[in-house]
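In: Test case, fold it:
(one chain, ligands or ions: 2)
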Amino acid sequence: MQTKHLLFPLLLLLCALAVAMPMASQTSRADYRIVPLPDRIDGVKGSDFRLTGNCLINYSTGNREMERNAQMLSQYVEDLTGIHLSIRPTLASKDQAGNITLALDPSLNNDEGYRLTVTPRGVEVTGKTAAGVFYGIQTLRKSLPVGTCTTVNLPPVQVTDSPRFVYRGMHLDCSRHFFGVETVKRYLDIMALHGMNRLHWHLTDDQGWRVEIKKYPRLTEVGGWRDGTVLGHNSAVNDGIRYGGYYTQEEIKDIVRYAADRYITIIPEIDMPGHMLGALAAYPYLGCTGGPYKVWGQWGVTDDILCVGKDITLDFVKDVLDEVMQLFPGEYIHIGGDESPRVRWQQCPLCQERISNEGIRAQGKQSAEALLQGWFTTQVQHYLAEHGRRIIGWDELLGCDVDTTATIMSWTGAEPGAKGAKLGHDVIMTPNTPMYFDHYQTKNYWNEPTAFGGCATLKMVYDFEPVAADLPAEMRHHILGAQANVWTEYITCEPQIQYQILPRMAALAELQWLQPEDKDFQDFMTRLPRLVEIYKLYGWTYRARSLTHPDEQ
Ligand code: ACM
Ligand code: ZN
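Out: Ligands and ions are numbered 1, 2, ... in the order given. Below you'll find the model as predicted:
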């Protein structure tokens, strides 16, 4: 007995020593050639700065945002290297030698820009705003080697950087399949690593309503659940398994806060007047025929949409948006507007009465029903504007005569975006090829998880240019940025989401941050493996074949 007692702790001690010993002398070196590549990396003469567990992270006393930035940096360094750095509130005048200092400098010219300075004496991450500092921290993080060590040598450098676009988005459809709070938070973590700042969150659709609305509890009690899900691409077989879920308002607030801590604004999408079966199943009076309706267990576009002939529908929409605005503080609300067939409106006496009462008449190629969608959208747009908000809508809105305060999301191709910008709309570019990440990553997709179809290789994503070559210079500012969309008809779990977005998000990040003349695909491919080391560290799934076959058509 007694020997056993002694032997076990001894063995443990030996094991611990065996693990700890090689660490003791481990040193590795930072490399600032990361993804996305910073605007400038100017090497400076001098010896390396030695980052060890004795370094502190300084931030200005009393600045909560900078304190959070310091905590994030400390966590990142520990994740990557195992080195623990304490954080310390300081006065600017305090001696910063030997440490990392986070600082603000209002003289920088881009709100999200930053400067990362490494000298033999220390490291300084400076931003015009705390968001800029956060991006500088991401760069420092990505420059570190992955692997436990006791010292990282940082070559002296001045890195200066700022993003090309103000809107750097990712979209996530949580209606077709529902993903819990932790998955959404990890999605936000992945976005933060890639320097992205807008999550377009698709929360309602024919297959499920996912946001709790207190005034209309049936939206989630009934509209959040379907009886079963079709197998594959609308086969004749349905799995018959009840499926659903939704986010409580408390969960949404938690996610919005988590995003804001990472300088990501969440733009909720409440898709209307189409893609509304979730709501119609819950409140059939919102439809033209009165139902009954069922939450859909298949994919596609249904003819059953909101009846906009009824005032009660407009009241419903405004009530829902009141609660949505409470939950999401950002300026934009996405109101969808895509894929709204008008066959019910053609038959509905109330919708026809609305057309007649509002004096709506067909004009050229625009039917009266198309312009009825424009009338409805305008009501919503004005209501949101009264509350200081703006709408984003899919590019179908260009055919509905909405005014130019609506921002257009160009998805059916790149052309509607250019057209919208010429008309004076702000535009976000998300053309389905190559910006739909639910599409395949190769044309040889036999071994791939089932996806929507299409193909967007890593190289195709990299090469995408959001600003059309023939867009006149004075209209270019309307292109706010680019976004990739992740529709989840065929994506059922988190590893599959990650597989679809990684490493394509790396290519997207590079086009969101770099000026077109600075892009270089071959060079990007040499920098990508180090980013992938971080994916591996966090256990994120990614498509490894894209690293060796980035353009397999
Ligand atoms: C869309 O893909 N229906 C916007
Ligand atoms: Zn109607």
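
In: contacts, neighbours, all on C-alpha from now
Out: Noted.

In: And the pLDDT for the spatially most central residue of the chain?
Out: With distances taken as Cα atoms, centre = their mean, residue 170 lies nearest the centre of the chain, 2.9 Å away. Model confidence at residue 170, given as pLDDT, is 99.

In: Can you verify my assumption that it contacts residue 200?
Out: Yes - here residue 170 reaches residue 200: they are 6.1 Å apart, a contact under Cα atoms under 8 Å.

In: contacting residues for the residue nearest to the centre of the chain?
Out: Counting by Cα atoms under 8 Å, 6 or more residues apart in numbering, residue 170 touches 191, 196, 198, 199, 200, 483, 484, 485, 486.

In: Can you name the residues of this protein sitting close to ligand 1?
Out: 338, 394, 411 (Cα under 6 Å from any ligand atom).

In: Which of those fall in strands?
Out: Per DSSP state E, strands hold the following members of the residues of the chain next to ligand 1: residue 394.

In: Kindly reformat the residues of the chain next to ligand 1 as JSON lines containing distance to ligand 2, neighbour count and pLDDT.
Out: Below are those laid out as JSON lines (distance: Cα to the ion, whole Å; neighbours: other Cα atoms under 10 Å; pLDDT from 0 to 100):
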{"residue": "338", "distance to ligand 2": "18", "neighbour count": "19", "pLDDT": "98"}
{"residue": "394", "distance to ligand 2": "22", "neighbour count": "24", "pLDDT": "98"}
{"residue": "411", "distance to ligand 2": "27", "neighbour count": "24", "pLDDT": "98"}
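
In: which phi and psi does the residue of the chain found nearest ligand 1 have?
Out: Scanning the chain for the residue nearest ligand 1 gives residue 338, at 5.5 Å (criterion: Cα to the nearest ligand atom). The phi/psi pair for residue 338 (degrees, to the nearest 10) reads phi -80, psi 160.

In: Quick check: it vs residue 467, distance?
Out: Note on residue 338: its distance to residue 467, by Cα to Cα, to the nearest Å, is 22 Å.

In: Of the contacts of residue 170, which is the nearest to ligand 2?
Out: Nearest to ligand 2 out of the contacts of residue 170 is residue 200 (Cα to the ion; 29.0 Å).

In: any idea whether the residue nearest to the centre of the chain is helix, strand or coil?
Out: Residue 170 falls in the strand class when you classify it by DSSP: H, G, I helix; E, B strand; the rest coil.

In: which secondary element of this protein has the worst mean pLDDT?
Out: None of the helices or strands of the chain scores lower by mean pLDDT, DSSP states H and E than helix 2-24, at a mean of 50.

In: What's the first helix or strand after it?
Out: Of the helices and strands lying after helix 2-24 in sequence (DSSP states H and E), the nearest is strand 27-29.

In: Return the list of helices and strands in contact with that next one.
Out: Counting contacts by 3 or more Cα pairs under 8 Å, 6 or more residues apart in numbering; DSSP states H and E, the secondary-structure elements packed against strand 27-29 are strand 151-154.

In: Quick one: list the elements packing against the strand it packs on.
Out: strand 27-29, strand 49-52.

In: Tell me which of those is the most buried.
Out: Among the helices and strands packed on strand 151-154, judged by mean count of other Cα atoms under 10 Å, the one packed with the most neighbours on average is strand 49-52 (a mean of 22).

In: how about stretch 392-411: buried residues?
Out: Residues of stretch 392-411 classed as buried under the neighbour-count rule (16 or more other Cα atoms under 10 Å) are 392-398, 400-403, 406-411.

In: Name the residues that touch it?
Out: Counting by Cα under 8 Å, 6+ apart, the neighbours of stretch 392-411 from elsewhere in the structure are 332-339, 366, 370-375, 377-378, 381, 390-391, 412, 416-417, 420, 423-432.

In: go again using 6 Å as the cut-off
Out: Residues outside stretch 392-411 that contact it (Cα atoms under 6 Å, 6 or more residues apart in numbering) are 334-338, 370-371, 374, 391, 416-417, 424-432.

In: do the same with stretch 134-144
Out: Here stretch 134-144 makes contact (Cα under 6 Å, 6+ apart) with 30, 31, 32, 114, 125.

In: How about the first one, nearest residue that isn't a chain neighbour?
Out: With Cα to Cα, 6 or more residues apart in numbering as the measure, residue 144 is the residue that lies nearest to residue 30, at 4.7 Å, once sequence neighbours are left out.

In: Can you name the residues bridging to the residue nearest to the centre of the chain?
Out: Bridge pairing for residue 170 (DSSP bridges) gives the partners residue 199, residue 484.

In: Spell out which residues of the chain are next to ligand 2.
Out: Neighbours of ligand 2 within the chain, by Cα under 5 Å from the ion: 288, 307, 309, 348, 351.

In: Derive a PyMOL selection command for the buried subset of the residues you listed.
Out: Provided next is the PyMOL selection string for whichever of those are buried by 16+ other Cα under 10 Å:
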select buried, resi 288+307+309+348+351
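
In: Which of the residues of the chain next to ligand 2 sits closest to residue 437?
Out: For the residues of the chain next to ligand 2, the residue nearest residue 437 by Cα to Cα is residue 307; the value is 32.4 Å.

In: what are the ranges of the strands in the stretch 401-550 of the chain?
Out: Residue ranges of the strands in the stretch 401-550 of the chain, as given by DSSP state E, counting those that start in this stretch, are 407-410, 427-429, 479-484.

In: Need those strands in TSV (columns: distance to residue 49 and mean pLDDT).
Out: TSV is the format used below for these (distance: least, Cα to Cα, whole Å; pLDDT from 0 to 100):
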stretch	distance to residue 49	mean pLDDT
strand 407-410	45	98
strand 427-429	41	98
strand 479-484	37	98
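
In: residue contacts, the residue in the stretch 351-500 of the chain positioned nearest to ligand 2?
Out: Nearest residue of the stretch 351-500 of the chain to ligand 2, counting by Cα to the ion: residue 351, 4.2 Å away. Shown here is residue 351, whose contacts under the criterion Cα under 6 Å, 6+ apart are 309, 345.

In: Need the strands of the stretch 401-550 of the chain in JSON lines (columns: distance to residue 231).
Out: Compiled in JSON lines, those are given as follows (distance: least, Cα to Cα, whole Å):
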{"stretch": "strand 407-410", "distance to residue 231": "30"}
{"stretch": "strand 427-429", "distance to residue 231": "31"}
{"stretch": "strand 479-484", "distance to residue 231": "25"}
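
In: need the contact list for residue 504.
Out: With Cα under 6 Å, 6+ apart as the criterion, the residues that contact residue 504 are residue 458.

In: Give me the local confidence score for it.
Out: Checking the pLDDT column for residue 504, the value is 98.

In: how far away is it from residue 546?
Out: Noted for residue 504: a distance of 9 Å to residue 546, by Cα to Cα.

In: Next: residue 311.
Out: Counting by Cα to Cα, the separation of residue 311 from residue 546 is 52 Å.

In: So the two - more neighbours on which side?
Out: Neighbours were tallied for residue 311 and for residue 546 using other Cα atoms under 10 Å; the higher tally belongs to residue 546 (19 against 13).

In: And for that one, nearest residue in space, chain neighbours not counted?
Out: Nearest-residue entry for residue 546: residue 458, 6.6 Å, with adjacent residues in sequence omitted and distances by Cα to Cα, 6+ apart.
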